[in-house]
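> Structure for the following, please:
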Amino acid sequence: MAGLANMTTLAGESAGEEFLVFTLGSEEYGIDILKVQEIQGYDQVTRIANTPAFIKGVTNLRGVIVPIVDLRIKFAQNDVSYNDNTVVIVLNLQQRVVGIVVDGVSDVLSLSADQIRPAPQFAVTLATEYLTGLGSLEDRMLILVDIERLLSSEEMALVDSVA
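Below you'll find the model as predicted:
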């Protein structure tokens, strides 16, 4: 039974935080599951003139115009391609809906406080101010992203700044 407890990381009621795990290239990232509204397949978007390359455009989601950001382009990945695994994670951030394009979504993980390490103080694919830490689960390492801080950054300005 101890193996099952390790696998699901249920350390009692204070099991920690739950993260939606997604992939960008060979890296695994985690974002707070409470910010996720839904996950859907990637569809064509309407391009908006004079926007940075990582802002793919907008889409109409049940009457709501949603900006779509391709995190793969934002994180400077090479050869970004769209296939059956490419998905849009629709986020609800401060009453604003934003979609992020990722290579795929793998699962939801619950990490306890002792499985989360502080973010390193050196540059990785993503500027460290957007990282909340690194999640460690057996042989997996997750880069935990503060998606709200990233999307409210000055360069993106898709969500009102958290002052």
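> can you give me the end-to-end distance of stretch 56-68?
6 Å (CA to CA, to the nearest Å).
> Just the buried positions in it, please.
Neighbour-count burial for stretch 56-68, counted by 16 or more other CB atoms under 10 Å, picks out K56, G57, V58, T59, L61, V66, P67, I68. (Glycine included, C-beta is placed from N, CA and C.)
> Adding pLDDT, secondary structure and distance to N78, write the residues you listed out as CSV.
Conversion of the buried residues of stretch 56-68 to CSV gives the following (pLDDT from 0 to 100; DSSP: H, G, I helix; E, B strand; the rest coil; distance: CB to CB, whole Å):
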residue, pLDDT, secondary structure, distance to N78
K56, 91, strand, 17
G57, 92, strand, 21
V58, 94, strand, 26
T59, 93, strand, 25
L61, 91, strand, 29
V66, 93, strand, 27
P67, 93, strand, 24
I68, 94, strand, 20
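> now, which of those sits nearest S26?
Distance to S26, by CB to CB, is smallest for K56 among these, at 22.0 Å.
> Identify the residues contacting the helix or strand L144 falls within?
For L144, the enclosing helix or strand under DSSP states H and E is strand 140-145. Here strand 140-145 makes contact (CB atoms under 8 Å, 6 or more residues apart in numbering) with 19, 21, 27-31, 109, 111, 116, 119, 124-126, 130-136.
> Go again with 6 Å.
Residues outside strand 140-145 that contact it (CB atoms under 6 Å, 6 or more residues apart in numbering) are E28, Y29, G30, I31, Y130, T132, G133, G135.
> State the pair within these that is farthest apart.
The widest separation within those (CB to CB) is 15.8 Å, between E28 and Y130.
> which strands and helices sit next to the helix or strand where G133 lies?
Taking DSSP H and E as the definition, G133 sits inside strand 131-137. The contact analysis (3 or more CB pairs under 6 Å, 6 or more residues apart in numbering; DSSP states H and E) places strand 131-137 against strand 116-117, strand 140-145.
> residue boundaries of the helices in this protein?
2-8, 71-74, 147-151 (DSSP state H).
> Which one of these has the poorest average confidence?
The minimum mean pLDDT among those belongs to helix 2-8 (a mean of 36).
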